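> Build me a model:
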Amino acid sequence: MQPLSGQSHDLTPSKVIILDRDGVLNEDSDDYIKSLDEWRPYAQAIEAIARLTRHGWTIAIATNQSGVARGYYDETTLQMIHDDLCERVSAAGGTIAHIAYCPHGPDDGCECRKPKTGLLDQIQHSLKLDSLQNAWMVGDSRRDLEAGIAKGCHPVLVRTGKGRRTEARGSLGQARIFDDLAAFADYLIEN
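Alright, predicted model coming up:
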C-alpha cells in the first residue's frame, strides 16, 4: 500500500502534522531498524494518527534513513516497513498523506537530511501547500525540531525514543513537550 499523495483539497498548514518516524511511531534502535521484523510500532502512535485523521488533520512523515547509505538495509526493505505502517494506520481508520525519507549518510552533503529542510520541502510540494507555516513538526530529536522551525512549523518533542535524552539536554526553546504522540493528539483534539 502506497501512502496517498497530492491530497490538495482544502489543506491548510495549520491542519498538517509532520512526524519523525523512529522514536515517534516505533521503537528506535541505535543499531538501526534493518528489517520488517525489527520494526515495532507503538500501538498508541498508530491509533493517534487514526484519531487525528478522523479529526481532519493531514499526516505526513519525514524520516532520516541513513541505514540505506550505510548498507544496513535497502530501499525495498524500507518500502516494506512503510507499507506496513500505512496498512496499520489504514486498519485503525487513519491515513498517511505522504512519507518523505532521506537515504543519505551524515557526510553525503544532501539537502534532505534533517536538520536541513529538504524532506519538509518534499512534503510541502506533495501536499501542494504554499508553505508549512503553522504546521506541526513532531520529533524525538533536536534535528527534527530544527528542521520544523526552519520551515515555520510549531515544534513538538515527544519523550518516546530519544526524546527524554533530548529533553535532558535542554535549550528546546519554543518546543512543546508531550509524553508521546497520543498525548499530543489528545492536546490537539481537545483544543
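
> following the strand ranked longest in the chain, which helix or strand comes up?
Ranked by residue count under DSSP state E, the longest strand found in the chain is strand 58-64. Downstream of strand 58-64, the next assigned helix or strand under DSSP states H and E is helix 75-91.

> That next one versus strand 58-64: what angle between them?
Helix 75-91 and strand 58-64 meet at an angle of 150 degrees, taking axes from the mean of the first three to the mean of the last three Cα atoms, to 10 degrees as the criterion.

> Other residues contacting helix 75-91?
Contact with helix 75-91 is made by 1-3, 21, 25-26, 33-36, 39, 41, 46, 49-50, 53, 59, 61, 65, 68, 95-96, 99, 101, 103, as judged by Cβ atoms under 8 Å, 6 or more residues apart in numbering. Heads up, the C-betas are built off the backbone N, CA and C, glycines and all.

> still on that earlier bit, for the longest strand of the chain, name the packing helices and strands.
Counting contacts by 3 or more Cβ pairs under 8 Å, 6 or more residues apart in numbering; DSSP states H and E, strand 58-64 packs against strand 16-19, helix 43-54, strand 98-102, helix 118-126, helix 142-150.

> one more time with 10 Å
strand 16-19, helix 43-54, helix 75-91, strand 98-102, helix 118-126, strand 136-139, helix 142-150 (3 or more Cβ pairs under 10 Å, 6 or more residues apart in numbering; DSSP states H and E).

> any idea which of the ones you listed is most buried?
strand 136-139 (a mean of 28; mean count of other Cβ atoms under 10 Å).

> ok, Gln174 - how many residues close by?
Neighbours of Gln174 under the rule other Cβ atoms under 10 Å: 8.

> Residue ranges in the protein under the pLDDT threshold?
1-10 (pLDDT under 70).

> on that earlier part again, strand partners of the longest strand of the chain, parallel vs antiparallel please.
Looking at strand 58-64 with DSSP bridges, its paired strands and their directions are strand 16-19 (parallel), strand 98-102 (parallel).

> quick one: that strand to chain centroid distance?
On the basis of Cα atoms, centre = their mean, to the nearest Å, strand 58-64 sits 4 Å off its chain's mean C-alpha point.

> If anything else comes up later, I'll come back, but that's it for now.
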